[in-house]
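> generate coordinates for the sequence data below:
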Amino acid sequence: MQGGMVECPLCKGFKKIGCPMCGGGGLMRTDVEPRSARCCNNCGGLGVCTCTVCFGEGVMPVVPF
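Numbers count the residues shown, from 1 in each chain. The predicted model follows:
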């Protein structure tokens, strides 16, 4: 039996997700000065990053039981 491809359950086929490090805001608070923020190192300040489930493919193989 051959499996097909299905839409990724996390990104819903968009290939990107909200950055888990900054919560999608693109900025992170600094420990030194709570009122200041810096660009998120994980997403580069964009607030989104490659999906961690489908690795940016948007689809995943169907795994038969």
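
> pLDDT below threshold where in the protein?
Counting by pLDDT under 70, the chain contains low-confidence ranges at 1-3, 34, 65.

> residues in contact with the closest residue to Pro9 other than its chain neighbours?
Once flanking residues are discounted, Pro9 sits nearest to Val53: 7.0 Å by C-beta to C-beta, 6 or more residues apart in numbering. All C-beta atoms are positioned from the backbone trio N, CA, C, and that covers glycine. Listed by C-beta atoms under 8 Å, 6 or more residues apart in numbering, the contact partners of Val53 are Cys8, Pro9, Leu10, Cys11, Met60.

> please check those residues and keep the buried ones.
Of the members of the contacts of Val53, the ones counted as buried by neighbours, 16 or more other C-beta atoms under 10 Å, are Cys8, Cys11, Met60.

> now the second one: which helix or strand?
For Cys11, there is no enclosing helix or strand under DSSP states H and E.

> hang on, it packs against Gly58?
Yes: between Cys11 and Gly58 there is a contact at 6.5 Å, judged by C-beta atoms under 8 Å.
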